[in-house]
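Enquirer: Can you look at this prediction? I've put the sequence above it.
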Amino acid sequence: MRESAVSYPLADLSLARRLERAEAEGCARFVEARSRLVLDSGAAWIDVAGTYAMFDGPSSPLTQTFGFGLFAPPAAENLIELERFSAIAARRCQRLAAQRRAPRIPHRLHANEVAHALEERKERKENDART
């Protein structure tokens with residue numbers, strides 16, 4: 001028995017690109033909105049050779065990539081740039097979360113403490129130099 005070739009005239013590379021880009025654009029707009037509304041969210045996205053990489057937080061379903069290999073041939077340098085973006089975004093998110101947990105210290109108080117500590121250090125060095 002001979003198998004016939006099955007043809008799917010509507011499912012092709014062009015359709016795949018349109019569908020992937022539509023989802024990527026929608027997610028990018030959402031990530032942009034979150035970054036404007038929640039300033040310390042760390043939300044960001046980039047386009048690397050047609051691949052959209054989203055970061056909306058470590059547990060967000062929007063943190064993902066769209067279109068890798070659909071708009072340009074997969075390349076190691078593109079993958080490296082996408083991984084770098086992901087790592088930077090994750091570190092930024094961790095830093096922002098740590099800042100939220102840290103006690104709030106008024107900037108002026110902190111600046112005065114630093115100035116006082118520097119003055120004490122200078123005095124100690126001067127005293128050490130005299131002895």
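Expert: Great, that's in hand. Please read all numbers here as calculations on a predicted model, not as lab measurements.

Enquirer: mind listing the strands for the chain?
Expert: Taking DSSP state E as the criterion, the chain carries its strands at 44-48, 51-55, 65-66.

Enquirer: helices and strands around the last one, which ones?
Expert: This points to strand 65-66. helix 13-37, strand 51-55 (3 or more C-beta pairs under 8 Å, 6 or more residues apart in numbering; DSSP states H and E). Every residue, glycine included, has its C-beta placed from N, CA and C.

Enquirer: and for it, what are the contacting residues?
Expert: Strand 65-66 is contacted from outside by Glu20, Arg21, Glu23, Ala24, Cys27, Thr51, Tyr52, Ala53, Met54, Leu82, using C-beta atoms under 8 Å, 6 or more residues apart in numbering.

Enquirer: That one pairs with which strands, and in what direction?
Expert: Applying DSSP bridges, strand 65-66 is found paired with strand 51-55 (antiparallel).

Enquirer: which of the residues in the partner strand are buried?
Expert: By neighbour count with 16 or more other C-beta atoms under 10 Å, strand 51-55 contains the buried residues Thr51, Tyr52, Ala53, Met54, Phe55.

Enquirer: Looking at the residues you listed, which one is closest to Phe71?
Expert: Thr51 (7.0 Å; C-beta to C-beta).

Enquirer: coming back round to it: now, of the helices and strands packed on strand 65-66, which is deepest in the fold?
Expert: Of all those, strand 51-55 carries the top mean neighbour count, a mean of 23, counting by mean count of other C-beta atoms under 10 Å.

Enquirer: pLDDT (mean, whole number) over that one?
Expert: Strand 51-55 comes out with an average pLDDT of 95.
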